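1. Next comes the sequence, and after it the predicted model I'd like to discuss.
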Amino acid sequence: MKTGAEKAAKAVFGKVLAEVKPTKEELEESVYSINQITSALKKVVAKDVEIRVVGSVVRGTHLRGESDIDVFLLFPKKYKRDRITKEGLEYAKRIVKEKGDTYEVKYAEHPYTRLYLSSLGVKADIVPAFNIDNIEDMSTAVDRSPMHADFINKHLSEKQRDEVRLLKYLLKRQNLYGAEIMTSGFSGYLCELLIYRYGTLSDLLENAANFTLPILLDPKSKAELHDKSLVKRFNSQFIVIDPVDKDRNVAAGVSLETLGRFVMMSRAFMAKPRVDFFRGRSFKHGAVQRQLESFIRESGLDMYAIATKVPDKSEDIIWPQLRKVTEFIAAYAEKLGFRIYSSIPIILGRDGYLLFFAPKETLKTRMQKGPSVFIRKAQEAFSKAHTGAVAMSMRGDAIYALEKNRYADMEHLMRDVAAGRVLGKRKDITLRGSKLFINKLPKECDETVYADILESFRMGSGG
């Protein structure tokens, strides 16, 4: 980095850190809450169950206002998996006593309990796991979480913990943070490992600006790997080997699109460091609807929005299904000759949205390619199958049929989609009875949906 940019980046980081680092009072409140929760648990859990607080609070990498607590109940290996799940839930429920305190059973690899402790003003996850010293003894994916905390606490300096905070906040504001399947972004642990590997946020961004695929990193040795067989082994172009589990890719959840956006953002920031990158996209409250309308006018595209209800299930279950349905419909439209510039699935509570952006076009007919005329049986079968074609033609040695299109335009196709005539029920998703909106969204649509659509086209400023 050039000296001028170096100074600008340092000034930006200093300004942002002062805003996002937890205050002394907040840290003291977190310690108090942790002590209250662990003390309550000690009164109810069995003596052979170890209570461990893990997560970003005890790692010193959490952001201001995000002091959620992760408490692990570590059971001996002699216990069976269903027993630790059952007892873990029971222990967590037994400490919810104060008025206003509630709990919710959540599901990852196995159930855990999320406590909403209004008496302390915090949210805490109580997670049952096995107490292991060696990764070879791991029975569930969460067993290694305490080992992650040990590694980070041992290896990250205080300055680097602040660098992690800056990275997390930057990624959050750029919509690149979060291991959830909807986001396909960077997890907190991945952020910690990247800072450990590169030392500082500046060095990470400078290196990211020059990333070429595949990216193979081993944070434990701080080395860049050159074994291309890892790509096939992990089925990924972005591999960050877990220091506590050599068989795990910590970056497995990061999509290539997210990684690509991170690279482009790194290049833009390193070229001209600005606080704007930490302010997020400029989707002004009350203006996102007008921004979307303006985009539709300027692009000349039509937006088709199918609004449907989705079951009250975890987004990790519903969103992949909605994405596959969206992809199927886009592929079906393209098979009929229509061009889909963008297809976007969005979930907001019980509302699901399938959005398609396509150029205005009428396609009364479409060309369907057939076999080479020199493959007689195939050519004759193709000609017989297309006796109703408007015309037949040749291109090179291949025969083509000019067929009447089932739909002359996207609107007619999308009306059939919304009526459930194109795609039947797929697991938890059914479009029958859904509503179609063209170049607008339902009146009750949340601003978040507008912002998500605009974000998919990377409109606005701030990186």
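-> Right, received. Where do you want to start? What you see is a predicted model, and the numbers here were worked out from it, not measured in a lab.
2. going forward, measure contacts and count neighbours with C-alpha atoms only.
-> Fine.
3. Can you pull the domain assignment for this protein?
-> The record's domain parsing of the chain by automatic domain parsing lists 23-140, 156-280, 288-362+407-456, 365-404.
4. Select, out of these, the one closest to Phe13.
-> Proximity of the domains of the chain to Phe13 was assessed by Cα to Cα; the nearest stretch is domain 156-280, lying at 7.1 Å.
5. What's the mean pLDDT across that closest one?
-> For domain 156-280, mean pLDDT is 93.
6. likewise stretch 97-104?
-> Throughout stretch 97-104, pLDDT has a mean value of 82.
7. ok, the residue of the chain positioned farthest from its centre to Met392 distance?
-> The C-alpha centroid of the chain is most remote from Arg376, which lies 50.4 Å away (Cα atoms, centre = their mean). The gap separating Arg376 from Met392 is 16 Å, by Cα to Cα, to the nearest Å.
8. Show me what the longest helix seen in the chain is packed against.
-> Identified as the longest helix of the chain according to DSSP state H is helix 315-335. Counting contacts by 3 or more Cα pairs under 8 Å, 6 or more residues apart in numbering; DSSP states H and E, helix 315-335 is packed against strand 342-348, strand 351-359, helix 410-418.
9. Contacts for the helix or strand encompassing Leu73, please.
-> Counting by DSSP states H and E, the element that carries Leu73 is strand 69-75. Strand 69-75 has contacts (Cα atoms under 8 Å, 6 or more residues apart in numbering) with 34, 38, 48-55, 57, 84, 88, 122-131, 146.
10. Next, count neighbours for the closest residue in space to Lys309 that isn't next to it in sequence.
-> Using Cα to Cα, 6 or more residues apart in numbering and skipping the chain neighbours, the partner closest in space to Lys309 is Asp351 (4.9 Å). Asp351: 14 surrounding residues under other Cα atoms under 10 Å.
11. same thing with the one 10 residues further on?
-> One way to gauge burial is a neighbour count; for Glu361, by other Cα under 10 Å, it gives 13.
12. residues near Ile34, how many?
-> Neighbourhood size, Ile34 [other Cα under 10 Å]: 22.
13. got a list of what it touches?
-> Applying Cα under 8 Å, 6+ apart, one finds that Ile34 lies in contact with Val53, Ile69.
14. Now do it against Val373, distance only.
-> Separation of Ile34 from Val373 (Cα to Cα): 76 Å.
15. what's the answer for Leu402, then?
-> The gap separating Leu402 from Val373 is 16 Å, by Cα to Cα.
16. for Ala179, same thing?
-> 52 Å.
17. Kindly report the same for Lys384.
-> For Lys384, the distance to Val373 - Cα to Cα - is 13 Å.
18. what's the answer for Arg267, then?
-> Counting by Cα to Cα, the separation of Arg267 from Val373 is 52 Å.
19. Which of those two has more residues huddled nearby?
-> Between Arg267 and Val373, counted using other Cα under 10 Å, the more crowded position is Arg267 (19 against 16).
20. where's the more buried one, which helix or strand?
-> Using DSSP H and E, Arg267 falls within helix 256-271.
21. repeat for Ile453
-> Element membership for Ile453 (DSSP H and E) is helix 447-456.
22. Checking the closest residue in space to Glu334 that isn't next to it in sequence next. Helix, strand or coil?
-> Setting aside the residues directly before and after it, Glu334 is nearest to Ile340 in space (Cα to Cα, 6+ apart), at 6.8 Å. The assignment at Ile340 comes out as coil when based on DSSP: H, G, I helix; E, B strand; the rest coil.
23. residues in contact with Ile340?
-> Taking Cα under 8 Å, 6+ apart as the contact definition, Ile340 lies against Ala330, Ala333, Glu334, Phe356, Phe357, Ala358, Pro359.
24. Ranking by neighbours, what's the top pick from the residues you listed?
-> Phe356 (24 neighbours).
25. so what's that one closest to, chain neighbours aside?
-> Ser343 (4.5 Å).
26. how deep is that neighbour tucked in, by neighbour count?
-> Neighbours of Ser343 under the rule other Cα under 10 Å: 20.
27. and what of Thr38?
-> Neighbours around Thr38, by other Cα under 10 Å: 15.
28. Perfect, that will be all.
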